[in-house]
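Peer 1: Need the 3D shape of this:
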Amino acid sequence: MSNNSPASTYQQLAARGASPVGLVVSLYDTILRDFRRAQAALVAGNVEQRVFELNHALTVIAHLQSVLNHERGGEAAKTFDRFYEIARAMILDASVRCTRESLQKLIATFTSVRQAWHQIEPQSATGQPFLPPSNPAPIGEVVPPAPQIEPPTTPRSSNWSA
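Peer 2: Numbers count the residues shown, from 1 in each chain. Alright, predicted model coming up:
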């Protein structure tokens, strides 16, 4: 599905001038939009649209995971790699369960991490290094950038990859 709307064009133009952290925030916005559209499709009973939106979110997360710099990123890169693995499992679980609650949990989790990235964006623009807290808080509290979430209680195996 191609989107040539004015909003899409604006987002593409804005991304060209964004900082690296700004681009990450933009990708998190895309993931959140996908989750909200999947939730709306679930309510409307539109299975095809729900699956499309969740698959798109998986693709964006796979991109975020693929650009992690493990050499320079150290523990933060490892933490985000694990977060993205867990998030992918949560999305697959939400796709199978098809409940509003599972999608709402994804929205809450990604909103929290998105807010953390948004908070550090001004620091990245000035070149100041970001120092994560030594004692990260659990999901629900905004503490960049070390998300702490639990894997799904009933992990499901899948051959699907983004």
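
Peer 1: Could you grab the helix/strand/coil label for L68?
Peer 2: Put simply, L68 is coil when judged by DSSP: H, G, I helix; E, B strand; the rest coil.

Peer 1: what's around D29, how many residues?
Peer 2: 15 (other CB atoms under 10 Å). The C-beta positions use only the backbone N, C-alpha and C, and glycine is treated the same way.

Peer 1: OK, contacts around it?
Peer 2: Each residue near D29 by CB atoms under 8 Å, 6 or more residues apart in numbering is listed here: R114.

Peer 1: what about the protein, any weak spots by pLDDT?
Peer 2: Low-confidence segments of the chain, defined by pLDDT under 70: 1-18, 122-162.

Peer 1: W117 and K105: what is the separation?
Peer 2: Taking CB to CB, to the nearest Å as the measure, W117 falls 19 Å from K105.

Peer 1: next one: E75
Peer 2: 25 Å.

Peer 1: any idea how far F83 is from L103?
Peer 2: 18 Å.

Peer 1: ugh, wrong one, I meant Q119
Peer 2: For Q119 relative to F83 (CB to CB), the value is 17 Å.

Peer 1: for R97, same thing?
Peer 2: Relative to F83, and taking CB to CB, R97 is found at 20 Å.

Peer 1: between these two, which one's more packed in?
Peer 2: F83 (21 against 14).

Peer 1: roughly how far apart are that one and L64?
Peer 2: 9 Å.

Peer 1: same question, S26
Peer 2: Distance, S26 to L64, by CB to CB: 11 Å.

Peer 1: again, but for G45
Peer 2: Taking CB to CB, one finds G45 at 30 Å from L64.

Peer 1: who has more neighbours, those two?
Peer 2: L64 (19 against 8).

Peer 1: How about the contacts made by that one?
Peer 2: Listed by CB under 8 Å, 6+ apart, the contact set of L64 reads 24, 27, 80, 84.

Peer 1: out of those residues, which one sits closest to V60?
Peer 2: L27 (5.6 Å; CB to CB).

Peer 1: Tell me, how many residues neighbour the closest one?
Peer 2: 18.

Peer 1: Isn't it up against H63?
Peer 2: Yes - with contact defined as CB atoms under 8 Å, L27 reaches H63; the gap is 7.2 Å.

Peer 1: Helices along the protein, start to end?
Peer 2: For the chain, applying DSSP state H gives helices covering 6-16, 20-44, 47-66, 70-97, 100-126.
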